[in-house]
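Asker: got a predicted model here, sequence first, then my questions.
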Amino acid sequence: MQDRRAFLKGSLVVGAGAVSGVTLPGLLRSARAADGPLVIGAPLPISGAFAANGKFASLGAGFAAREAAAALGRKIVVTDIDTEGKPAPAARKLQEAMAQGTRLFAGGILSSEALVMGKEATKSDGVFITTAGADEITGSDCNRGTFRWSVPTFGAIAQTVRPLIEQMPQAKRWYTITPQYVFGEGLLSAAKVVFQEKGIEHVGNSYHSLAEKEFSGYLTNAIAAKPDVLLLLNFGSQSSDALRQAVSFGLKKRMTIVLAWASGLEQFEALGADLCEGVYFGVQYWHGIDSPLNKELVSNLRESAKMTPNYSFAGSYQITKLLLDAVAKAGSAESPAVIKALEGLGYSGLTGREEIRAADHQIIKDYYLLKGKAKSAMKDKDDFADVVTAGKSFLSPESAGCKMQQG
């Protein structure tokens, strides 16, 4: 992994070259008059509990910049901004970056940090695209400068809990384990709505902090409640720790286990096929998606870096590419022009046809339900799961509470 990271980080500042099939005429014209490189800020948790996700996201941003710079003949600099996975440092460091002239940002993995950074970017006439999940980002806290690629918590629950209830009508008792911050609360609230609608008995919930690593007490509570399904609403290393401990407690034999918001390949690699077998995972992205852009990314990354894109890498790649494509379309890196270019944009994305809804800046895309497969059934080292279902579920901007301030 260290060699791969060195290879890709070496591409964060790149100049002219040729990339087949990539043309950015608007950006190329503006580049002739521009002074210095085009700077993209990547505010990510490079340290802290979610550092692994942040580091893969940094690689994805760098890969997108390398492709764009090779096509346009202008240097692109992607600057890592370590948010530490905490709102206060995230806000302060974004302010510092903006004071130094950076106006375009792609990052914010955690909802709590993304919410504050979106507000800070908008306040200082910036543009911020994120992969965080809290409904508020494109709901009650929507704003002119913030865009979101990931499906919100509402859609993630709709595309995991709903299809599983339909597939397992006998599973009437569900238990949840939830991180106690805005993202976890969003997932839990959405799940409770579906439970009530479908006649599911919510037999209990355990909250935990963002610093938690030991889940045995919560799992003991879950066992005592005798659920048919254990629904894990945490993310990253915390959901991995919870699943690993659940399997060691023998919960796979007692109940169905679902991770509503998994990080895909990176998580499967860390857990291994034996732990993942039979477990359901909701994901924003999967490298097996049959779309032209995804096939191209997977092929290029495997050839150049001998790795397969995971969710953190792919999401960051897509949002950085969107920023650069918008600059190209606008013929300008000025924030108002970039925002205008993004609003209503339809394009061929990693998940297929994607569209940026102008009313709330939510990108409309599929969310996927995977099921871990047996090690003996894997076709290659990355073939950890099968896609069970995929679909789009979004609240309307009005229902989500978005009242976009036009400016």
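Answerer: Thanks, I have the structure now.
Asker: surely Ala49 touches Gly236?
Answerer: Yes. In terms of Cβ atoms under 8 Å, Ala49 counts as a neighbour of Gly236; the distance is 7.2 Å. Placement of C-beta: from N, CA and C, glycine included.
Asker: how about Asp80, secondary structure?
Answerer: Following DSSP: H, G, I helix; E, B strand; the rest coil, we place Asp80 in the strand state.
Asker: can you tell me how far it sits from Ser237?
Answerer: 20 Å (Cβ to Cβ, to the nearest Å).
Asker: quick one on the thing from earlier: so Ala49 and Gly236 - more neighbours on which side?
Answerer: The neighbour comparison of Ala49 against Gly236 (other Cβ atoms under 10 Å) goes to Gly236, with 26 against 19.
Asker: return the residues in contact with the more buried one.
Answerer: Residues near Gly236 by Cβ atoms under 8 Å, 6 or more residues apart in numbering: Ala49, Phe50, Ala52, Asn53, Ser263, Gln267.
Asker: which helix in the chain runs the most residues?
Answerer: In the chain, taking DSSP state H as the definition, the longest helix is helix 51-72.
Asker: with only the CA atoms kept, save the host helix or strand of Glu266 in CSV.
Answerer: Using DSSP states H and E, Glu266 falls within helix 265-271. This file holds the C-alpha atoms of helix 265-271, laid out as CSV (Å, rounded to 0.1, in the frame of the first residue of the first chain):
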residue,chain,number,x,y,z
LEU,A,265,-13.9,-3.2,-0.7
GLU,A,266,-11.6,-1.6,1.9
GLN,A,267,-13.8,-3.0,4.7
PHE,A,268,-14.0,-6.5,3.1
GLU,A,269,-10.3,-6.6,2.7
ALA,A,270,-9.8,-5.8,6.4
LEU,A,271,-12.4,-8.2,7.6
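Asker: per-residue pLDDT, Lys381?
Answerer: At Lys381, the predicted lDDT confidence score is 96.
Asker: so it, which of the three states?
Answerer: coil.
Asker: ramachandran angles for it?
Answerer: With angles defined as degrees, to the nearest 10, Lys381 sits at phi -70, psi -20.
Asker: cool, the one 4 residues further on as well?
Answerer: Ala385 adopts backbone torsions of phi -150, psi 160, taken as degrees, to the nearest 10.
Asker: how many residues are close by it?
Answerer: 26.
Asker: can you list the weak-confidence ranges in this protein?
Answerer: Residue ranges of the chain with pLDDT under 70: 1-35, 406-407.
Asker: domain assignment for it?
Answerer: The chain breaks down into these domains under automatic domain parsing: 2-151+290-365, 155-287+367-393.
Asker: quick one, which of these is nearest to Gln405?
Answerer: Nearest of those to Gln405, taken as Cβ to Cβ: domain 2-151+290-365 at 6.1 Å.
Asker: need the three-state assignment for His206.
Answerer: His isn't right for residue 206; it's Ser. Of the three states, Ser206 takes strand under three-state DSSP.
Asker: give the contact list for the nearest residue to it once chain neighbours are set aside.
Answerer: Among residues not flanking Ser206 along the chain, Tyr218 sits closest, at 3.8 Å (Cβ to Cβ, 6 or more residues apart in numbering). By Cβ under 8 Å, 6+ apart, Tyr218 lies in contact with Ile177, Ser206, His208, Ala242.
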